[in-house]
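**Q** Need a 3D model of the following:
(2 chains)
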Amino acid sequence: GDSVTQMEGPVTLSEEAFLTINCTYTATGYPSLFWYVQYPGEGLQLLLKATKADDKGSNKGFEATYRKETTSFHLEKGSVQVSDSAVYFCALNTGNQFYFGTGTSLTVIP
Amino acid sequence: NAGVTQTPKFQVLKTGQSMTLQCAQDMNHEYMSWYRQDPGMGLRLIHYSVGAGITDQGEVPNGYNVSRSTTEDFPLRLLSAAPSQTSVYFCASSYLRTGGAYGYTFGSGTRLTVV
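**A** Numbering: from 1, shown residues only, chains lettered A, B, ... in the order given. Presented below is the predicted three-dimensional model:
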């Protein structure tokens, strides 16, 4: 069945470091791919999305490219800030179903 | 503000009690769903609905009931609470006709503890 696998955390980085959180997927058909962010005590917020192969989603300095050949949608940011500390979820949508990864906790230290 | 509203934010139940978690959205989304979030397990789908009068089971439906009498509301009922249902519950909605391409809008969650 359809599924998402993302790198396990927790991840701890110093401010201004480069961030990569890996995400790979298994899906039939042509899914849409998403990254969600969850700040402490809050619900999930859509961070970025890509709806077809080679699309690049971007928002708030974060980027992810839909790679069909490697079935991946890795999240990257060139210079993280303390305010980026949160849990990040990779997700895919096929038809009316969403599938979420288990989440990767990121802590950025000053 | 438009969005998904969940109530209550926190709840403590005794084993065997019943309760209803409320979810309402004002975006005219056809699709609504309930997830539970547990440490190390990500989000697991409990039930979902593609429109008023239509519901279906997700990955972990046992112990929960839903109904969808209006487009706006999608309550989740715990029939007889068990400690295993201690979790954070999220309601989410989206447009159906776009096939979910715009992603979900999530509520802020209900933190439930069953003692």
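**Q** nearest residue to residue B:93 other than its sequence neighbours?
**A** Spatial nearest neighbour of residue B:93, chain neighbours left out: residue B:29 (3.8 Å); criterion: CB to CB, 6 or more residues apart in numbering or on different chains. All C-beta spots, glycine's among them, are computed from the backbone N, C-alpha and C.
**Q** Across the sheet, point out what pairs with the most centrally placed residue in chain B.
**A** In chain B, the residue lying closest to the centroid (CA atoms, centre = their mean) is residue B:34, at 2.7 Å. Beta-bridge partners for residue B:34, by DSSP bridges, are residue B:47, residue B:91.
**Q** mind checking how far it is from chain A?
**A** In this view, residue B:34 and chain A are 12 Å apart by CB to the nearest CB, to the nearest Å.
**Q** That residue reaches residue B:44, doesn't it?
**A** No - using CB atoms under 8 Å, residue B:34 is not in contact with residue B:44; the gap is 9.8 Å.
**Q** so what's in contact with these two at the same time?
**A** residue B:58 (CB atoms under 8 Å, 6 or more residues apart in numbering or on different chains).
**Q** contacting residues around residue A:74?
**A** Going by CB under 8 Å, 6+ apart, the list of residues near residue A:74 reads A:20, A:21, A:22, A:23, A:64, A:65.
**Q** Residue B:10 contacts residue B:111, doesn't it?
**A** Yes - under the criterion of CB under 8 Å, residue B:10 makes contact with residue B:111 at 5.1 Å.
**Q** Can you name every helix or strand that the longest strand along chain A contacts?
**A** Longest strand of chain A, by residue count under DSSP state E: strand A:86-94. The elements that strand A:86-94 packs onto, with contact taken as 3 or more CB pairs under 8 Å, 6 or more residues apart in numbering or on different chains; DSSP states H and E, are strand A:3-6, strand A:23-26, strand A:32-38, strand A:97-100, strand A:104-109.
**Q** Most tightly packed of those strands?
**A** Ranked by mean neighbour count, those are led by strand A:32-38 with a mean of 25 (mean count of other CB atoms under 10 Å in any protein chain shown).
**Q** And that one, how far out from the chain middle?
**A** Remark: strand A:32-38 is offset 5 Å from the chain centroid, using CA atoms, centre = their mean, to the nearest Å.
**Q** Return the list of strands paired to it, each annotated with direction.
**A** The strands beside strand A:32-38 in its sheet (DSSP bridges) come out as strand A:44-50 (antiparallel), strand A:86-94 (antiparallel).
**Q** just the CA coordinates of the shortest one, formatted as CSV?
**A** Once side chains and other backbone atoms are set aside, the C-alpha atoms of strand A:44-50 remain, and they are given as CSV (Å, rounded to 0.1, in the frame of the first residue of the first chain):
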residue,chain,number,x,y,z
LEU,A,44,-0.1,20.6,11.9
GLN,A,45,0.4,23.5,9.4
LEU,A,46,1.1,23.0,5.7
LEU,A,47,4.6,24.1,5.0
LEU,A,48,5.0,23.3,1.3
LYS,A,49,3.7,21.0,-1.4
ALA,A,50,4.4,19.6,-4.8
